[in-house]
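In: Quick one, what's the 3D model for this:
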Amino acid sequence: MMEMTAKSKKVLHAQVEALSRKVEHFNKTELESLILMFNSLMAEQVSRGRPANGLKRGKFRGLLQGTFEMTNAVMMDGVFRSFDKDGHGVIILEEWIRGLAVFLRGTIEEKIMHTFRVYDLNNDKFISKDEIFHMLKHSFIKWPSEEDPDEGIKDVVEITMKKMDLDHDGLLSFDDFQKSVLDENLFLQAFGPCLPDNTSRLAFYVN
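Out: Down below sits the predicted model:
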């Protein structure tokens with residue numbers, strides 16, 4: 001790694017100070033490491049001829065696969081969407097830090113907000129039966145069988161909706177989802193893994 005110039009160190013210090021006032025769960029040493037990691041990922045994009053004002057989807061998915069062993073494309077796209085709060089198609093520095101704070105060390109309430117954003121595939125503030133079916137179809141292991149696997153997934157969707165659709169309107173609102181998860185934590189990742197497991201989370205070098 002190239003030695004930082006005095007100007008670069010000054011910029012880094014200012015970024016750490018600013019983010020430490022905005023984001024919980026990381027101390028200043030950890031924030032510095034995460035900023036340097038972000039800068040390194042950005043530099044890799046530029047070196048490959050892909051300049052951008054933030055991390056692109058493909059680069060971010062590479063991190064999820066390589067570091068957190070995520071393989072489900074639907075979930076990885078959802079995690080990207082959860083980090084990319086402004087919806088501009090790239091993850092800027094503050095979104096990177098805020099996203100990782102929840103992803104790695106979030107409270108149950110923060111994780112509920114994250115997973116809801118991941119599962120709300122069309123960003124309409126609700127999770128529909130079609131969205132649940134689509135996510136489960138990509139999450140289930142396909143076993144050779146004479147039975148139509150789609151029918152089994154549809155049954156799971158119906159059972160899940162009966163348990164979680166508290167106002168019985170055929171859609172999961174954030175309120176439905178939050179109350180269901182707080183009552184039974186297993187519902188947090190009911191439709192696919194979108195948070196790191198303990199092994200990969202603890203292996204991440206900021207821990």
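In: how about the helices in the chain?
Out: Under the criterion DSSP state H, the chain contains helices at 6-20, 28-47, 57-68, 73-83, 93-105, 108-119, 129-139, 149-164, 174-183, 198-203.
In: Include mean neighbour count when you put the ones you listed into TSV, please.
Out: Yep, even glycine has a C-beta here, placed from its N, CA and C like the rest. Formatted as TSV, the helices of the chain follow (neighbours: other Cβ atoms under 10 Å):
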stretch	mean neighbour count
helix 6-20	13
helix 28-47	15
helix 57-68	16
helix 73-83	20
helix 93-105	20
helix 108-119	20
helix 129-139	18
helix 149-164	14
helix 174-183	17
helix 198-203	12
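In: any residues touching stretch 125-142, and which ones?
Out: Residues from elsewhere that reach stretch 125-142 (Cβ atoms under 8 Å, 6 or more residues apart in numbering): 72-75, 116, 119-122, 149-150, 153-154, 156-158, 160-161, 170-174, 177, 191-193.
In: and it, how far out from the chain's middle?
Out: 16 Å (Cα atoms, centre = their mean, to the nearest Å).
In: now swap in stretch 88-97 and tell me
Out: That offset, for stretch 88-97, works out to 12 Å (Cα atoms, centre = their mean).
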